[in-house]
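Peer 1: Pasted the sequence and its predicted model underneath.
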Amino acid sequence: MTLKKKIFNVGEIAIYDEAIIYKRGDIWQFRLWLEKEKRYARLSLKTKKESAAIELAKKHFITIKAQLESGKTYYSLTTKAGVEMYLEYRKVHSDIGRIVKGRYGTIKTHLEHWLDFISRDVKLKELERMDCESYAIEREKPNSKNPISLSTILNEQSTINAMIKWLHKKGETYIDGFDFENIPKKSRTEEDIRRASFKDEEIREIRYLIPSYIADAKQDMSNLANRAKVLACYYLLIATISGLRTGEQKQLKWKDISFEEVKKKNVDVSVVKISVRKETSKVRKSRQFYVRDKEYFDDLFKLTAPTHKKKPYANNFVFSYDGETVVSQRAIHYHFDKLLALADVNRKNRDLVPYSFRHYFITHRIKSGLSYKDVADMCGTSTTQIEKTYYHIDREIMLTQALADYFVTDDGIIVPQ
């Protein structure tokens, strides 16, 4: 490999007698002629300092030289093509069940946000480790229609670096990950948890309203909108009694549900045993737990069973009319908003979403006297996480016990009973 150019302009500097660095504006650029590919390798060195530019150019030269001598080509895919390549690889994992379809969709969404940030026509081999340093700052910018949580940003960064690591192994990038800016994890305050959860009376009102809200829709389940309405509402009802994560609940199949009768003080009580498969769990651990059957599962089974053509029935999805197509998240959110309006739930300064039913479930179980370990086992999380997030409930319980023998007068005075 030799320099194609023999006469240099002012400001051009030769690197190892085979490459050139030069300025475009104030920024140093790198250029190397690739004989086999009959084109130049061009890189921005992203520095104004000559000494730094020379050192960076030498590193690029050595890397490119090693790559070419190993038989690889230099010319790079774009970031858009790299994402498409990675998604094809992950789609195979989705098809064989290594990851659930919902997870594949999440990966795709995360990488779309990254492309919006980095630009779709940037060459993969031009990427530097610090190129995404400001990613969190950009994603945290206020957006009233679509607020971004810190946990979402951290998950996106993890997905991005998983892709970059894979592309690096394929020889498509010079880096194996980005150095994202460290952002302090904000611990959720007591008030944050309250705002993200429901009150007992709100849950009672929502459960009371749903049967009348879907009554007309149940009469004509041939209508797609009616199907979505009914399935979304049963999804929300079951979310209030199960505490399942979104992905876990949407991936439930009828083989994961069993109906049982148990004795409680010589009275038969109907319960449902729920099995969460490890491949659908966020923590990749299977678990089983029981909940009181409020006939939600039973009603949904009777409603959808006759419409499922796929056999065996046990392999069909619970929240599906045909057993294969799961109710959409859009329908769930739409009817969630409608129900909260009907129930007159005050949403001002409250972060209420369908996931808030999980917060309510955990809070209610702790207040009912279950240990943190029991609740953690039911919800597929750690005891430490439950303690850290819901520690304030202990204080509420102790205050309730302390004031059990007192009542508040109309004048707001606390007096013994």
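Peer 2: Now that the structure is in, tell me what you want to look at. Numbers count the residues shown, from 1 in each chain.
Peer 1: measure Q29 to K23 for me?
Peer 2: According to C-beta to C-beta, to the nearest Å, Q29 and K23 sit 7 Å apart. Heads up, the C-betas are built off the backbone N, CA and C, glycines and all.
Peer 1: So which of these two has more stuff around it?
Peer 2: More crowded of Q29 and K23, by other C-beta atoms under 10 Å: Q29, with 18 against 15.
Peer 1: Am I right that the more buried one is in contact with Y22?
Peer 2: Yes: judged on C-beta atoms under 8 Å, Q29 makes contact with Y22 at a distance of 5.6 Å.
Peer 1: burial of A217, as a residue count?
Peer 2: 19.
Peer 1: Distance from the helix or strand harbouring it to the middle of the chain?
Peer 2: Using DSSP states H and E, A217 maps to helix 200-219. When C-alpha coordinates are averaged (C-alpha atoms, centre = their mean, to the nearest Å), helix 200-219 and its chain have centres 29 Å apart.
Peer 1: next one: stretch 344-359
Peer 2: 18 Å.
Peer 1: Check stretch 106-123 too.
Peer 2: With C-alpha atoms, centre = their mean, you get 16 Å for stretch 106-123.
Peer 1: buried stuff in that stretch?
Peer 2: 106-107, 110-111, 113-115, 117-118, 122-123 (16 or more other C-beta atoms under 10 Å).
Peer 1: One more: stretch 209-222?
Peer 2: Buried residues in stretch 209-222 (16+ other C-beta under 10 Å): 209-210, 213-214, 217, 221.
Peer 1: Take the buried residues of stretch 106-123 and keep only those in helices.
Peer 2: Secondary structure from DSSP state H places 106-107, 110-111, 113-115, 117-118 of the buried residues of stretch 106-123 in helices.
Peer 1: Now render those as TSV, adding distance to D351 and pLDDT.
Peer 2: Formatted as TSV, these follow (distance: C-beta to C-beta, whole Å; pLDDT from 0 to 100):
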residue	distance to D351	pLDDT
T106	20	90
I107	25	94
H110	21	94
L111	26	96
H113	20	93
W114	25	95
L115	28	95
F117	25	91
I118	29	92
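Peer 1: quick one: which of those residues is nearest K367?
Peer 2: T106 (32.1 Å; C-beta to C-beta).
Peer 1: quick one: contacts for the closest one?
Peer 2: Listed by C-beta atoms under 8 Å, 6 or more residues apart in numbering, the contact set of T106 reads 155, 159.
Peer 1: All set, thanks.
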